[in-house]
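Engineer: just a sequence and a predicted model for now, questions to come.
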Amino acid sequence: MTAARLVATLLALGPPLKQPGTLVVREIDRTPELGDPIMREDFERCEPAGAVVRDERRPDTWVLRTKDWPSPLLNPIGDPPDLTYDPQLKGIYDIYLGTRATDFTVSVGLKLASEGDFTIITSPRGTQTVHYDWEYCFRREAPMDGERMVIHALGLAAYIDYLKFVPVIRGKVTARAATDHVVICAEQGKHFAFPGVAKLEDGSLAAIFREGTAHVDPSGSIAFCRSTDGGRTWSKRRTIYDDPKIDERDPGLCQHSSGALIASMASAGAEVMRSTDGGETWDRPTPAPVFSPHGPRELPDERLYWCGIATERGSNHVKIVTSPDLGRTWQEETIVAESLPYHQPWAAEFWDEPWAIPVGGQRWLCLYRVDKDGYLYQSTSADGRAFTLPVRTSMWGCPPFVLRLQDGRLVAVYGYRRPPWGIRACVSRDEGATWDMGEEIVLRDDGGHGDLGYPTAVELEPGLVFAVSYFNHGGPECTVEGTFFRP
């Protein structure tokens, strides 16, 4: 065939078909950067004038008590008026309140002047011999042009040390973005959420998710559907578990090497159930000692492992437990991390919704959702027994799910619950030691609000990943949707 005939033939065939999951490069809002904190302790500037005094006990006033503390603490006496503080700032800021934790209740109301209701901020309890400084993240990305803060006494100690304003710097960057999306389940008036997905031994896909009418809803149940064409179309959903008195939620799904499907959920606690006929029927749920979304996975020796949370002896333990019998019984293996119980997760690091995977040899990697600053944190272990203290990664979002690709790379997927609302992914080429945020992948950035996320993923063929998450388009309904991409 001559060159001219070859060109004519190619033109007649039209443009080449785009490979499924191909990413495009386009401009997006970059992950905001944070500037240097601005500390404000000059509460004597508050209005009304004269409502703040120093080291005096006047009825119905606010007093700046110096005592033997490093800095004066603002505290109410009697029933003082609300204080209005003008930080005289322009731009967008994360706002923090610094206060003290003592052996008695310390609580105060705080709001932006443009808001209607106060946020009630209560410090954790110290002891008679141990008082300590404590910081609460009051607002993220608050526009402060002309804005003021209002402080409200609650008839309790307040012990306000400072207000901290952290500039949020926005901009545009170019990024790789996915465009290949499918809807798995959607219905008017329904809230489908918290999905799991598994690639089955026969090549089909199975998805599991929570069905309800709102984010928190006593009618929540667990639904299941299948795809036999690589995730392009999906069967009608079937309810596979529903206790009418309980909001079942956060299901996970995997297939064991025996062929059994393993489904997990939060119901009357953490529970696991099994199917030996491809999801047509399921046995009765059995309890598990830990919980986290996405559920258990299989180890090379065919045991199941589950990295999850258990609250014990006044502490929150992140543990890995194992099961030799498909989740019917469990043995504790190791404690991965520890924090205070869930109280005010925007005030102190709480290692939430963990996801752990073995990354080679005896090495393990564990990632956590941390609401205090919104970043993913991670621990590592060289032997699967002793884990490092959690450290912050460069990935902002929650909760984490990590998939090992056939070429050895790790892909983390996570919800992005701030504008532009969506789902993101990031790759590590060194078993989680570093994450390539310069090549962060935007799976979705067209969500309507923050009720979305909880992605999980499978590799359909070498290099082609299918991520499933829950999503919204601006209304109260939430859908389960999938994205094909090539990281």
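Structural biologist: Nice, I can see it. Residues are numbered from 1 along each chain as shown.
Engineer: make it CA atoms for all contacts and neighbour counts henceforth
Structural biologist: Will do.
Engineer: just the terminal-to-terminal distance for stretch 281-292.
Structural biologist: By CA to CA, to the nearest Å, the extent of stretch 281-292 from end to end equals 24 Å.
Engineer: would you map the strands across the stretch 301-450 of the chain?
Structural biologist: With DSSP state E, counting those that start in this stretch applied, the stretch 301-450 of the chain shows strands at 304-312, 315-323, 331-339, 352-360, 363-369, 375-381, 391-396, 398-404, 410-416, 422-428, 441-444, listed in chain order.
Engineer: turn those into a markdown table, including mean neighbour count and distance to Leu64.
Structural biologist: Below are these laid out as a markdown table (neighbours: other CA atoms under 10 Å; distance: least, CA to CA, whole Å):
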| stretch | mean neighbour count | distance to Leu64 |
| --- | --- | --- |
| strand 304-312 | 22 | 38 |
| strand 315-323 | 21 | 34 |
| strand 331-339 | 17 | 33 |
| strand 352-360 | 22 | 37 |
| strand 363-369 | 23 | 37 |
| strand 375-381 | 22 | 35 |
| strand 391-396 | 18 | 35 |
| strand 398-404 | 25 | 39 |
| strand 410-416 | 25 | 40 |
| strand 422-428 | 24 | 44 |
| strand 441-444 | 24 | 48 |
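Engineer: mean pLDDT lowest where, among these?
Structural biologist: By mean pLDDT, the lowest-scoring of these turns out to be strand 331-339, with a mean of 90.
Engineer: and that one, what does it pack onto?
Structural biologist: Counting contacts by 3 or more CA pairs under 8 Å, 6 or more residues apart in numbering; DSSP states H and E, the secondary-structure elements packed against strand 331-339 are strand 315-323.
Engineer: parallel or antiparallel, which strands does the strand it packs on pair with?
Structural biologist: Each strand pairing with strand 315-323, determined using DSSP bridges, is listed with its direction: strand 304-312 (antiparallel), strand 331-339 (antiparallel).
Engineer: hmm, who's touching it?
Structural biologist: Outside strand 315-323, the residues that touch it by CA atoms under 8 Å, 6 or more residues apart in numbering are 289-290, 303-311, 329-342, 351, 354.
Engineer: mind giving me the domain ranges of the protein?
Structural biologist: According to automatic domain parsing, the chain is divided into the following domains: 34-169, 179-485.
Engineer: which one of those lies closest to Gln19?
Structural biologist: Comparing these against Gln19 with CA to CA, the closest turns out to be domain 179-485 (9.8 Å).
Engineer: measure the closest one end to end?
Structural biologist: Its start and end residues considered, domain 179-485 measures 8 Å (CA to CA).
Engineer: go on, stretch 218-230?
Structural biologist: Counting by CA to CA: the opening and closing residues of stretch 218-230 are 33 Å apart.
Engineer: tell me how far the residue nearest the centre of the chain lies from Ala467.
Structural biologist: Taking CA atoms, centre = their mean, the centroid of the chain lies closest to Cys398, which sits 2.3 Å from it. In this structure, Cys398 lies at 14 Å from Ala467, with CA to CA as the measure.
Engineer: check Leu340 too.
Structural biologist: Counting by CA to CA - Leu340 and Ala467 are separated by 32 Å.
Engineer: ditto for Ala268
Structural biologist: Ala268 sits at a distance of 28 Å from Ala467 (criterion: CA to CA).
Engineer: between those two, tell me which one has more neighbours.
Structural biologist: Neighbours around Ala268 and Ala467, counted as other CA atoms under 10 Å, are more numerous at Ala467. The numbers are 22 against 12.
Engineer: mind checking the SS state of the more buried one?
Structural biologist: Three-state assignment for Ala467 (DSSP: H, G, I helix; E, B strand; the rest coil): strand.
Engineer: count the residues that sit near the residue lying closest to it once chain neighbours are set aside.
Structural biologist: Taking CA to CA, 6 or more residues apart in numbering as the measure, Ala467 lies nearest to Ala457, with 4.1 Å between them; neighbours along the chain are not counted. As a burial measure, Ala457 scores 24 neighbours (other CA under 10 Å).
Engineer: returning to that earlier point: what would the domains of the chain look like in CSV with distance to Val24?
Structural biologist: What follows is the domains of the chain, written out as CSV (distance: least, CA to CA, whole Å):
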stretch, distance to Val24
domain 34-169, 25
domain 179-485, 7
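Engineer: most tightly packed of those domains?
Structural biologist: Burial among those, expressed as mean neighbours by mean count of other CA atoms under 10 Å, is greatest for domain 179-485, which shows a mean of 20.
Engineer: what separates it from the chain centre, distance-wise?
Structural biologist: On the basis of CA atoms, centre = their mean, to the nearest Å, domain 179-485 is displaced by 11 Å from the centre of the chain it belongs to.
Engineer: excluding its backbone neighbours, what's nearest Phe209?
Structural biologist: Nearest residue to Phe209, sequence neighbours excluded (CA to CA, 6+ apart): Pro195, at 4.1 Å.
Engineer: now do the contacts for that neighbour.
Structural biologist: When contacts are counted by CA under 8 Å, 6+ apart, Pro195 touches 207-210, 250-252, 294, 454-456, 468-470, 480.
Engineer: ditto for Ser257
Structural biologist: By CA under 8 Å, 6+ apart, the contact set of Ser257 is Glu302.
Engineer: that one belongs to a strand, doesn't it?
Structural biologist: No - secondary structure assignment (three-state DSSP) places Ser257 in coil, not in a strand.
Engineer: per-residue pLDDT, it?
Structural biologist: According to the per-residue confidence, Ser257 scores 97 in pLDDT.
Engineer: ok, now how distant is it from Leu389?
Structural biologist: Counting by CA to CA, the separation of Ser257 from Leu389 is 33 Å.
Engineer: mind listing the residues bridging to the residue nearest to the centre of the chain?
Structural biologist: Partner residues in beta bridges with Cys398: Gly415, with DSSP bridges as the criterion.
Engineer: before we move on, the earlier item: can you confirm the residue nearest to Ala467 is in a strand?
Structural biologist: Yes - residue state for Ala457 (three-state DSSP) corresponds to a strand.
Engineer: that one against Arg404, yeah?
Structural biologist: No - assessed by CA atoms under 8 Å, Ala457 is found out of contact with Arg404, at 9.9 Å.
Engineer: that older thread, mean pLDDT lowest where, among the domains of the chain?
Structural biologist: Least confident of the domains of the chain, judged by mean pLDDT, is domain 34-169 with a mean of 90.
Engineer: what about that one, start to end distance?
Structural biologist: As for domain 34-169, its first-to-last residue distance stands at 6 Å under the measure CA to CA.
Engineer: nearest residue to Asp242 other than its sequence neighbours?
Structural biologist: With CA to CA, 6+ apart, the residue lying closest to Asp242 is Ser221, at 4.7 Å.
Engineer: so what's that neighbour up against?
Structural biologist: Shown here is Ser221, whose contacts under the criterion CA under 8 Å, 6+ apart are Arg210, Glu211, Gly212, Thr239, Ile240, Tyr241, Asp242, Asp243, Asp247, Glu248, Arg249.
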